[in-house]
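*Asks:* show me how the following folds:
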Amino acid sequence: MAPITITEWILVAILSILVMKPGIILIQGQQQVPCLFLFGDSQFDNGNNNPLITTAKVNYPPYGIDYPDGPTGRFTNGKNIADFLAQFLGFANPIPPFTTARGSDVLKGVNYASGGAGILDESGILLGGRIPLNRQLINHKTTIGRIRLLLLNNRTITAESYLNKCLYVVNMGSNDYLNNYFLQPISPSRILFTPDRFAANLIQRFTQQLRTLYNSGARKVAVFGLGLLGCTPQELSMFPANASGCVDFINEAAQLYNNRLKPVIDDFNTNSAGAQFIYVNITSISLGDPASIGITVVNAPCCVVEARSGQCVRNGITCSNRNEYAFWDNFHPTELLNLVTASRSFNVLLPEDAYPVDIQRLVQQ
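*Replies:* Got it, this is the predicted structure:
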């Protein structure tokens, strides 16, 4: 992979600064898809965990300190990746969480994401309540039923053809490693499976879930891979860092999973009628010199965190220079990093960022 240049990162930095500056608003374009459906974990969750009995819940300060509505259940200081993707796609408002989506709102899409959730039902079980991907897919069937009722008397479009035109984004898998395989002192999964075998099992289950999504009408699907999980402050507090500054064996295990995703994408696109699946390479997006966009702290959280959960202490102290931090708490990126991730998945900076096309080109196909 060719090294990223300072110039390329500065281009991203310019976009970031323009969006983040007070009084400067990202120009709202025409809505590019009729609806956006989001499946995922805490990187996408915008309130689905709020009613649950769980430690994976952040509807309290200082979360949302930079979000217009304050604490909403987003695991960051401001907008998350899902918010920025909706903005880039031309939606006037964030996609509502399933827990509060009502009436005709579902025609614009639904966010099913849940903090602590995984591909495997058991992932994140120690956190308490969460909505695994299998349950998110069941919730999506409920939404499809609502859409059918709303379009029942529409003579110009059927629910099926409407759903075919929507964009589906799936960001899952981090908790299957962080809150399952690499739990300390040692998890049953690590006892039973080698990293390679665990990745193979995970991909097999995930492929079945993507098939369920396809069978429910999804045709344009963006699948996010795993990022550099071994670089999070939480893992660095639990395991010794290597020369890379990260916990290499965690990143290597995650890469075994990522390496199996591309063939899954190819198989859907080749063998499933009308399928247009893409792979978003979060590892590629994570590489580069963060200092070039003003980020100087990459191994510590902006907020004071609870040692056990890695989340911000309720009403706790935060850093004032949030745009200089990569991480908001011990797991989750700051709003600035969420913006960069969303922008590079939407419109790639490097060819490696997405395969075979980025989200912008996917919705134009």
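*Asks:* CA atoms for contacts and neighbours, from now on please.
*Replies:* OK.
*Asks:* what ranges do the helices span in the stretch 151-300 of the chain?
*Replies:* Listed in chain order, the helices of the stretch 151-300 of the chain (DSSP state H, counting those that start in this stretch) span residues 159-164, 174-176, 188-192, 195-215, 233-238, 248-271, 282-286.
*Asks:* contacts for the fourth one, please.
*Replies:* Under the contact criterion C-alpha atoms under 8 Å, 6 or more residues apart in numbering, helix 195-215 has outside partners 119-120, 133-134, 137, 189, 253-254, 256-257, 260-261, 264, 275.
*Asks:* which of those residues sits closest to Glu352?
*Replies:* Sorting these by how near they are to Glu352, with C-alpha to C-alpha, puts Leu261 at the top with 13.8 Å.
*Asks:* ok, that closest one touching Leu226?
*Replies:* No. Here Leu261 does not reach Leu226: they are 10.0 Å apart, not a contact under C-alpha atoms under 8 Å.
*Asks:* which pLDDT value goes with the closest residue to Ala326 other than its chain neighbours?
*Replies:* Nearest non-adjacent residue to Ala326, counting by C-alpha to C-alpha, 6 or more residues apart in numbering: Val298, 5.1 Å away. In the predicted model, Val298 carries a pLDDT score of 96.
*Asks:* same check on Val110?
*Replies:* On the pLDDT scale, Val110 is placed at 98.
*Asks:* wait, a strand at it?
*Replies:* Yes. Secondary structure of Val110, determined by DSSP: H, G, I helix; E, B strand; the rest coil: located in a strand.
*Asks:* run through the bridge partners of it.
*Replies:* Using DSSP bridges, the beta-bridge partners of Val110 come out as Phe37.
*Asks:* what's the distance between it and Ser345?
*Replies:* Using C-alpha to C-alpha, to the nearest Å, one gets 20 Å for the distance from Val110 to Ser345.
*Asks:* what's the most buried one of the helices of the stretch 151-300 of the chain?
*Replies:* helix 174-176 (a mean of 25; mean count of other C-alpha atoms under 10 Å).
*Asks:* same for that helix, what does it pack against?
*Replies:* Contacting helix 174-176 under the criterion 3 or more C-alpha pairs under 8 Å, 6 or more residues apart in numbering; DSSP states H and E is no other helix or strand.
*Asks:* pull the residues that contact that helix.
*Replies:* Contacting residues not belonging to helix 174-176 are listed as 41, 116-120, 123-124, 226, 229 [C-alpha under 8 Å, 6+ apart].
*Asks:* return the closest of those with respect to Phe268.
*Replies:* Ile119 (18.5 Å).
*Asks:* contacting residues around that closest one?
*Replies:* Counted by C-alpha under 8 Å, 6+ apart, Ile119 has contacts 132-134, 172-173, 176, 202, 205-206.
*Asks:* which non-adjacent residue is nearest Asp45?
*Replies:* On the basis of C-alpha to C-alpha, 6+ apart, the spatially nearest residue to Asp45 that is not a chain neighbour turns out to be Ala113, at 4.6 Å.
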